[in-house]
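> Predicted model follows, preceded by the sequence.
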Amino acid sequence: MKNLIVFVVFTCFMLCGNLFGQNPNPADSSSVTESKETKNRQLIVWSSGDREVALKMVFMYANNCKKRGWMDTVRLLVWGPSGKLLLEDEELRKNLNILKETGVELYACKGCADLYGISDQLSALGINVMYTGTMLADLQKEGWHVLTF
């Protein structure tokens, strides 16, 4: 008798969930409310002043992420010492141009760049230099994937 009551309660719970638009089966794709566009967005925060990290991780991943369609939207955020390194290294700037051609969106933190006195130089490279604290927080709230180097 106890098992029958548990079964009835469980069945009612499942039916009520479906009646009110709640699908108890998360594997069912019809219950997914996020569109593909909201799931396939990558923000890469590059703050390292290490050249090897830039060449062998940041630029390689960002390029492949966009070029191979791993994510629909890919943004690179130049944050802190990475901006200074970028301006000092011609090979990094060439790699940055490849990212631009691939369709990676380029941003730099104005607050960080101003501390180094490099905002204008970063902007001249085609990077959108802006205050990024709010942007970073908003993108996370919107469900962007954030990867930091």
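On my side now, so go ahead.

> Show me the shaky parts of this structure.
Residue ranges of the chain with pLDDT under 70: 1-38.

> which residues of it fall in helices?
Using DSSP state H, the helices assigned to the chain run over residues 2-19, 36-39, 51-53, 59-67, 81-88, 90-102, 110-116, 119-124, 133-141.

> Residues in contact with the third one: which ones?
Which is helix 51-53. Residues outside helix 51-53 that contact it (C-beta atoms under 8 Å, 6 or more residues apart in numbering): 85, 89, 92, 149. C-beta here means a position set from N, CA and C on the backbone, and glycine is covered the same way.

> The last one - how many residues pack around it?
Other residues lying near residue 149 total 18 when counted by other C-beta atoms under 10 Å.

> give me every residue that touches it.
Applying C-beta under 8 Å, 6+ apart, the residues contacting residue 149 are 44, 45, 46, 47, 48, 53, 54, 57, 58.

> again, 10 Å this time
44-48, 50, 53-54, 57-59, 61-62, 76, 79, 82 (C-beta atoms under 10 Å, 6 or more residues apart in numbering).

> again, but for residue 115
80, 83, 84, 109.

> which one of the residues you listed is nearest residue 101?
The nearest member of the contacts of residue 115 to residue 101, counting by C-beta to C-beta, is residue 83 at 20.3 Å.

> residues near the closest one, how many?
So residue 83, with other C-beta under 10 Å, has 26 neighbours.

> please renumber so the chain begins at 25
OK, 25 is where the count begins now, so the last one is residue 107.

> I'd like the distance from it to residue 169, if you could.
22 Å (C-beta to C-beta, to the nearest Å).

> Next: residue 63.
Counting by C-beta to C-beta - residue 63 and residue 169 are separated by 8 Å.

> ok, now residue 134?
24 Å.

> Next: residue 76.
Relative to residue 169, and taking C-beta to C-beta, residue 76 is found at 23 Å.
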